[in-house]
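> Here's a sequence, model it:
(2 chains)
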Amino acid sequence: MSQDAIVVLDFETTGLSPAQGDRAIEIGAVKLKQGVVVDRFQQLMNPGFAVNSFIAGYTGITNEMLRLAPSCETVMTDFAAFIDGCQLVAHNASFDQKFLAAELARIHVPQSQPFACSLLLARRLFQDAPNHQLGTLVSYLAIENDGVFHRALNDAEVTASLWLELTAAVTQRWACPAPSFELMLKLQRQPKHQLERFMKKQMA
DNA sequence: TGCCAGGCCCTCTTTAGGGCCTT
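Got it, this is the predicted structure:
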């Protein structure tokens, strides 16, 4: 897999914490090369137990839909191949990263790819947004969408568009052509009041 | 025993508390 590919991913899960026994029930992902979507991945997966009514209502993913889905282990084996050699992005990446690491650990695959966070970047680059929930940012930036949220591929698609908006904002604000993934990783860790100083140093 | 997410980030901060964000 080429090293310049970025996979923007989103998990739907049975809850908030793999440490408390929660599992993934759907993975959706969009692969970008030089800002263009070149591949997609979407798969429901059976966690081995029933999802509660809140999750079914929140995601629209029912136990009936999951009953015939392949196991998490089967799906994650395929997904590990999909993301091999790629850099990763998610909205509130700490959430998706812990589920990705937990599900990959079950099939004895380490999670070693660098992981950028569109939430941390949006808090820095779109400070005027009403808030930084994914749905709000989609409206704020007029990102094209089909009105479906909380399904993995739909959320991954709009997060990929958000990623491109974030890189475009860096380009526009600091005259930085094609900001690298590594630059975005560093930027998401900068205190807000030091953004100008940081970018000035980067562009010098 | 009782409780049960956790990282980020702001502020009435750092010997802490609470909102934001993800499902």
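> Quick check, A:F99 in contact with A:F11.
Yes. With contact defined as C-beta atoms under 8 Å, A:F99 reaches A:F11; the gap is 4.8 Å. For the C-beta atoms, the positions are set from N, CA and C on the backbone; glycine is no exception.
> joint contacts of those two?
Shared contacts of A:F99 and A:F11 (C-beta atoms under 8 Å, 6 or more residues apart in numbering): A:A24.
> burial of A:R67, as a residue count?
10 (other C-beta atoms under 10 Å).
> Report the beta-bridge partners for the spatially closest residue to it that is not a sequence neighbour.
With sequence-adjacent residues excluded and distances taken as C-beta to C-beta, 6 or more residues apart in numbering, A:R67 is closest to A:N46, at 7.1 Å. Taking DSSP bridges, one finds A:S71 as the beta-bridge partners of A:N46.
> Thought A:S71 was touching A:N46, still the case?
Yes. Between A:N46 and A:S71 there is a contact under C-beta under 8 Å: 5.5 Å.
> So between those two, which is more surrounded?
Applying other C-beta under 10 Å to A:N46 and A:S71 shows that A:N46 carries more neighbours, namely 19 against 13.
> Over to the nearest residue to A:M45 once chain neighbours are set aside: give its phi and psi.
The shortest distance from A:M45 to any non-neighbouring residue, by C-beta to C-beta, 6+ apart, is to A:V75 (4.1 Å). Here is the backbone geometry of A:V75 (degrees, to the nearest 10): phi -70, psi -40.
> Once you drop chain neighbours, what's closest to the most centrally placed residue in chain A?
Note on chain A: the residue nearest the mean C-alpha position is A:A90, at 1.9 Å, using C-alpha atoms, centre = their mean. In space, and not counting its chain neighbours, A:A90 is closest to A:D96: 3.8 Å by C-beta to C-beta, 6+ apart.
> Then A:D155?
A:D10 (4.1 Å).
> Does the one you found touch A:G28 like I think?
Yes. Distance between A:D10 and A:G28: 5.2 Å, which falls inside the contact criterion (C-beta under 8 Å).
> what's the neighbour count on A:Q34?
Residues near A:Q34, counting by other C-beta under 10 Å: 9.
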